[in-house]
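Trainee: mind folding the following:
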Amino acid sequence: MEPATDTVAEAKTEGNTESITLVTSDGESFRISKAVARVSELVKNMMEDADETMQTQEEIRLPNLKGKVLAKVIEFCNLQVEEPMAEIPKPIKFGKQVRDVVQPAFGAYVDGMVAARDWLLLLQLVLAAQYLDVRPLADLTCAALGLLIMNKTPDEIRELFGVESPFSPEIEQLLRENNKWSVEPPPTASTPTL
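Mentor: Numbering: from 1, shown residues only. Reported below is the predicted structural model:
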């Protein structure tokens, strides 16, 4: 779902006629069912606060999100309303992928971003899940990122995400020397410690 600015994106309503509009920082509006909106604890609490004060709230502004990111969050929330995501085991066993431990729809959701190498969107979804308090989305995106970097060296991770080394070779060598203790094995019982 890629709505244009100032358009209203319709999310699945699952027979629920009550809806609310979410508005992003870049002005995109998404009209979704309240059932889908309640997947987010933040939005749910905002709707409950409006109900308690007898105010009608037709629109909720989400200034920390852009339209592209909210569209993916809503896509996830629709899946979550249809069939709640299975809890992701922690840790995920070596050799398994996220799609191996969740329902196929959730696996396809995250696999699409991984296949497209859309790391920025994946990272933005981690932040959006935290901001909106959508715990299952946070679990899913963090698991996907964790599996991407599992068993990789810092250089491999930088290459994967297209990050240049933040340090000059001289500074990097100095940091390695000053922090040798963090990569050396701990002393054994037969090695006396001082």
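
Trainee: in the chain, where is pLDDT below threshold?
Mentor: 1-17, 52-56, 183, 185-194 (pLDDT under 70).

Trainee: ignoring the adjacent residues along the chain, who's closest to the residue most central in space within it?
Mentor: A centroid search over the chain (CA atoms, centre = their mean) returns residue 126, at 2.4 Å, as the residue closest to the centre. Across the structure, with CB to CB, 6 or more residues apart in numbering as the measure, the residue nearest residue 126 apart from its sequence neighbours is residue 141 (4.7 Å). C-beta here means a position set from N, CA and C on the backbone, and glycine is covered the same way.

Trainee: how far off centre is the helix or strand containing that neighbour?
Mentor: Using DSSP states H and E, residue 141 maps to helix 135-149. When distances are taken as CA atoms, centre = their mean, to the nearest Å, helix 135-149 is centred 7 Å away from the chain's centroid.

Trainee: now do the buried residues in the helix or strand just after it.
Mentor: The element immediately downstream of helix 135-149 (helix or strand, assigned by DSSP H and E) is helix 154-161. Within helix 154-161, no residue qualifies as buried by neighbour count (16 or more other CB atoms under 10 Å).

Trainee: tell me where the protein has helices.
Mentor: Remark: helices assigned in the chain by DSSP state H are 34-37, 41-52, 67-82, 104-115, 119-132, 135-149, 154-161, 169-178.

Trainee: now the ones you listed in a markdown table, with distance to residue 25?
Mentor: Putting those into a markdown table (distance: least, CB to CB, whole Å) gives the following:
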| stretch | distance to residue 25 |
| --- | --- |
| helix 34-37 | 18 |
| helix 41-52 | 15 |
| helix 67-82 | 8 |
| helix 104-115 | 21 |
| helix 119-132 | 12 |
| helix 135-149 | 19 |
| helix 154-161 | 24 |
| helix 169-178 | 36 |
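
Trainee: quick one: closest of the ones you listed to residue 90.
Mentor: When the helices of the chain are compared by CB to CB, helix 135-149 sits nearest residue 90, at 8.3 Å.

Trainee: buried residues, that closest one. List them.
Mentor: Within helix 135-149, the residues scored as buried using 16+ other CB under 10 Å are 136-145, 147-148.

Trainee: next, the angle from it to helix 67-82.
Mentor: The directions of helix 135-149 and helix 67-82 differ by 110 degrees, with axes from the mean of the first three to the mean of the last three CA atoms, to 10 degrees as the criterion.

Trainee: which residues sit against stretch 128-137?
Mentor: Contacts made with stretch 128-137 from outside it, assessed by CB atoms under 8 Å, 6 or more residues apart in numbering, are listed as 39-43, 62, 64-65, 69-70, 72-73, 76-77, 80, 84-85, 125, 138, 141.

Trainee: any chance of a PyMOL selection covering the buried ones in these?
Mentor: Remark: buried members of the contacts of stretch 128-137, expressed as a PyMOL selection using 16+ other CB under 10 Å:
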select buried, resi 39+40+43+62+65+69+70+72+73+76+77+80+85+125+138+141
